[in-house]
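1. here you go, sequence then predicted model.
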Amino acid sequence: MSLFNQNNIWPIARLNNYKFGILCISIITIFSIIGFIYINGDALNEGSKVVVAVSQNENSQNIDSIIQMLEKHKVNYGYQIIPEDSISRLLFGLDDTGSRIEYLSNKDNYAFPIFIEFNYKVYYQFNIDFIFKDITFNKYIVNNSLSIINIFFYIFYIVFLILVLALCNMFSLKLDKKYIQFMSYSGANKNLLIRILFKRIVSNSLLGFIIGWLIIFIILNILNLTNVISSNTIDFINLKNMNSIFYFLILFIIILYSQYITVLKVLKKYMENNVK
Amino acid sequence: MLHFDLVNIPIGSQIKKSYSLSFKLKKASTLLIETKNLSISNKLANLSSLRSFQYNGKIILFEKDIKLLNNQELKNYRKNISIAGNHDTLFNNMSIINNIALPLRLRNFSEKIIEKRIEELVLWLDLKNIIYRDIEQLNEYELNLLNIVRAIITNPKILILINPLSLNSMLNETILKIITGLMSYRTSILILENFNYNYHDIIKNLEIIKLNSAV
């Protein structure tokens, strides 16, 4: 007579309310990713951008002829014309005051230049300098890497999320207190209980993390069909660059470690109640 | 085996009011303590099974004062005591068989021994109709029986039962069969009962203590 289903030997590793744990991790993962995308925004770009200001008056160029020029040289991607309402923000955000003065003092022959933003790699790959050699008014290299302030904001945000997760874990273990104590009374020592609970937090974290990432992945990819989402954000969620892989790896380790610490402390507390 | 010497058990949050209790649970004997208060039964069970140490008086277990036990001794002593009642519920994300096997697994028994012991219990108590069902399908009485089965699988030296009998006469027969069977295996049984069930006719030499009024 075979009594045991081998696949059902240690389901206790998840204890009773494992679904709650998975739900918590999914929500925390979703909020972490959304927070990262929101706080860092365009900074998800790997490298710098190049903004080229091209003159319209000197060679009677307009936007259409510039686009034709770009397409003629097969630069049909990797650039965007910066809308007028963003230009003043761009100009005053630049450090190169010399360029600004040069532009602003050129009032006599005034014609508002067209600003075109290029991906750094595309800019040099297609030798844009040469294409626009007659009409380039100025060139700015915009550093889009993560700012320290944004990183600080995100650290505070993630600490807050981790604290929420710790509270969820404490609540979850409180519901399991009866079972933990039963196992302790039945002869399980602390190491065994920690091992069992560690199995549980690893499976919860992994499953919750994948579910959380998958939800954001699906939502952003659906939104991407209508071109609402920037390509950098899509590359980030699709794990197409090393930075995003590192980000998700670090996020997973942080979630796992924070849970481990919480579980360890709560378990010690319950075990201490159990001993004189 | 277990000796309570003038042990004061406080009633609820009232520190001044308490039950004073003295009894001796001998080897391979059964002692029935009748109380009208379930919380008293639970407190007594917790004290007897070394789950709580909030008492005045003296409790001697296996010839040693339990307040003098170190942590290692405490763990070893606990392995010899099993408790079945409303304290511990079954894990509903595990099968019934895995629930019953759990105390043995936690003590690192081999799967072969675990399987053998469960087979013995299933045959002895005729549990085939129960153990292959889902926990959600079981009623309160069947869960109570399974709690007892899980408590006895480790062959404890002391078994504490809280309100073991119920309105289900068939299951009562099985439970009384367990009690009489275990006594012949030299297990001491402490029954804490809040209701009026008749144990006398089935269990021979049953000692009864009635806790009716607080001091």
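-> Yep, it's here.

2. give the residue spans of chain B that score low on pLDDT.
-> Scanning chain B with the threshold set as pLDDT under 70 gives B:11-17, B:86-88, B:212-215.

3. around chain A, pick out the residues from it.
-> For chain B, the residues in contact with chain A (CB under 8 Å from any CB of the partner chain) are B:49, B:51, B:53, B:67, B:69, B:71, B:74-75, B:78-79, B:83, B:87-89, B:91-95, B:97-98, B:101-103, B:106-107, B:111, B:115, B:118-119, B:154. (Each C-beta comes from the backbone N, C-alpha and C, glycine too.)

4. which ones among these lie within strands?
-> B:I83 (DSSP state E).

5. can you say which of the residues of chain B next to chain A are buried?
-> By neighbour count, with 16 or more other CB atoms under 10 Å in any protein chain shown, the residues of chain B next to chain A hold B:49, B:51, B:69, B:74-75, B:78-79, B:83, B:87-88, B:91, B:93-95, B:97-98, B:101-103, B:106, B:115, B:118, B:154 as buried.

6. among those, name the ones in helices.
-> Using DSSP state H, the subset of these located in helices is B:L74, B:K75, B:R78, B:I97, B:N98, B:A101, B:L102, B:P103, B:L106, B:E115, B:I118.

7. measure A:I250 to A:Y157 for me?
-> A:I250 is 14 Å from A:Y157, where distance means CB to CB, to the nearest Å.

8. hang on, B:L2 packs against B:K27?
-> No - at 10.0 Å, B:L2 and B:K27 do not qualify as touching, with contact defined as CB atoms under 8 Å.

9. quick check: what element follows the strand or helix carrying B:V122 along the chain?
-> B:V122 is located in helix B:111-125, with elements delineated by DSSP states H and E. Helices and strands here follow DSSP H and E; after helix B:111-125, the next one along the chain is helix B:128-131.

10. what lies in contact with the next helix or strand after that following helix?
-> As assigned by DSSP H and E, the chain's next helix or strand after helix B:128-131 is helix B:140-152. With CB atoms under 8 Å, 6 or more residues apart in numbering or on different chains as the test, helix B:140-152 has contacts from B:82-85, B:88-90, B:96, B:99-100, B:102-103, B:121, B:125, B:127, B:130, B:135, B:138, B:159, B:161, B:164, B:166-168, B:171, B:174-175, B:178, B:182, B:187.

11. which of those are buried?
-> Applying 16+ other CB under 10 Å to those flags B:82-85, B:88, B:90, B:96, B:99-100, B:102-103, B:121, B:125, B:127, B:130, B:135, B:138, B:159, B:161, B:164, B:166, B:168, B:171, B:174-175, B:178, B:182, B:187 as buried.

12. ok, longest helix in chain A?
-> Ranked by residue count and defined by DSSP H, the top helix of chain A is helix A:190-224.

13. what about the following helix or strand past that helix, average pLDDT?
-> The helix or strand immediately downstream of helix A:190-224 is helix A:231-237, counting by DSSP H and E. Averaging pLDDT along helix A:231-237 yields 77.

14. for the residue positioned nearest the centre of chain B, give its distance to A:L225.
-> Centroid check for chain B by CA atoms, centre = their mean gives B:I160 as the closest residue, at 2.2 Å. Remark: distance between B:I160 and A:L225 (CB to CB) = 65 Å.

15. what does A:L264 give?
-> Separation of A:L264 from A:L225 (CB to CB) stands at 45 Å.

16. between these two, which is the more surrounded one?
-> Of the pair A:L264 and A:L225, A:L264 is the one with more neighbours under other CB atoms under 10 Å in any protein chain shown, namely 14 against 8.

17. please identify the helix or strand for the residue lying closest to B:Y55 once chain neighbours are set aside.
-> Nearest residue to B:Y55, sequence neighbours excluded (CB to CB, 6 or more residues apart in numbering or on different chains): B:V7, at 5.2 Å. Using DSSP H and E, B:V7 sits within strand B:2-11.

18. coming back round to it: the residue nearest to B:Y55 and A:I148: what is the separation?
-> Going from B:V7 to A:I148 by CB to CB gives 65 Å.

19. more neighbours, the two?
-> Taking neighbours as other CB under 10 Å, B:V7 and A:I148 compare with B:V7 leading, 20 against 7.

20. thinking the more buried one is in contact with B:G57, fair?
-> Yes - counting by CB under 8 Å, B:G57 is a contact partner of B:V7 at 3.7 Å.
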